[in-house]
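Enquirer: Here is my input; please provide its structure:
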Amino acid sequence: QVQLVESGGGLVQPGGSLRLSCAVSGMIFRIGAMGWYRQAPGKQRELVADISSGGSTNYADSVKGRFNSSRDNAKNTVYLQMNSLKPEDTAVYYCNAKIFPIATPTRPYDVWGQGTQVTVSS
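Expert: Got it, this is the predicted structure:
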């Protein structure tokens, strides 16, 4: 069974930094695009950043210039470096990955992590 395990969330003061990690475990053929989403209380889940298997990135306007996503394909891990954090960045952050399974490599599917809480507050 393929799982995404996130880590790195926590409480940070405004202006501070956090680094989230998301590791893919299980038997897979390969991993396609990976992404970070967030959901604040009372709001819909929104895309924060995504990164292709080749490393091309895309960011929400609200985080451009502050957040940076990268991935280590050898470790099946994606990262989200968050700098200059603001209170409005407070949310549960979810990792997403498009998985190409060994059994059916032409039939990819999406997997979600369990979420990690990020709270920006003084």
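
Enquirer: Pop out the phi and psi values for residue 43.
Expert: Comment: the main-chain dihedrals of residue 43 come out as phi -120, psi 160, following degrees, to the nearest 10.

Enquirer: Contacts for stretch 8-15, please.
Expert: Outside of stretch 8-15, the residues within contact range by CB atoms under 8 Å, 6 or more residues apart in numbering are 18-21, 84-87, 93, 116-122. For glycine as for every other residue, the C-beta is placed from the backbone atoms N, C-alpha and C.

Enquirer: buried ones in that stretch?
Expert: Buried residues in stretch 8-15, defined by neighbour count with 16 or more other CB atoms under 10 Å: 8, 9, 12.

Enquirer: Could you point out which of the residues you listed is nearest to residue 33?
Expert: Ranked by distance to residue 33 (CB to CB), those are led by residue 8 at 20.3 Å.

Enquirer: can you give me the strands for the protein?
Expert: Assigned by DSSP state E, the strands in the chain fall at 3-7, 10-12, 18-25, 30-39, 46-51, 57-59, 67-72, 77-82, 91-100, 109-112, 116-120.

Enquirer: Mind putting those into JSON lines with mean pLDDT?
Expert: Shown next, in JSON lines, are the strands of the chain (pLDDT from 0 to 100):
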{"stretch": "strand 3-7", "mean pLDDT": "95"}
{"stretch": "strand 10-12", "mean pLDDT": "98"}
{"stretch": "strand 18-25", "mean pLDDT": "97"}
{"stretch": "strand 30-39", "mean pLDDT": "96"}
{"stretch": "strand 46-51", "mean pLDDT": "98"}
{"stretch": "strand 57-59", "mean pLDDT": "97"}
{"stretch": "strand 67-72", "mean pLDDT": "97"}
{"stretch": "strand 77-82", "mean pLDDT": "97"}
{"stretch": "strand 91-100", "mean pLDDT": "97"}
{"stretch": "strand 109-112", "mean pLDDT": "96"}
{"stretch": "strand 116-120", "mean pLDDT": "98"}
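
Enquirer: so of those strands, which one's packed in deepest?
Expert: With neighbours taken as mean count of other CB atoms under 10 Å, the strands of the chain reach their highest mean count in strand 77-82, at a mean of 23.

Enquirer: Find the centremost residue of the protein, please.
Expert: Centre of the chain computed as the mean C-alpha position; nearest residue by CA atoms, centre = their mean is residue 36, 2.9 Å away.
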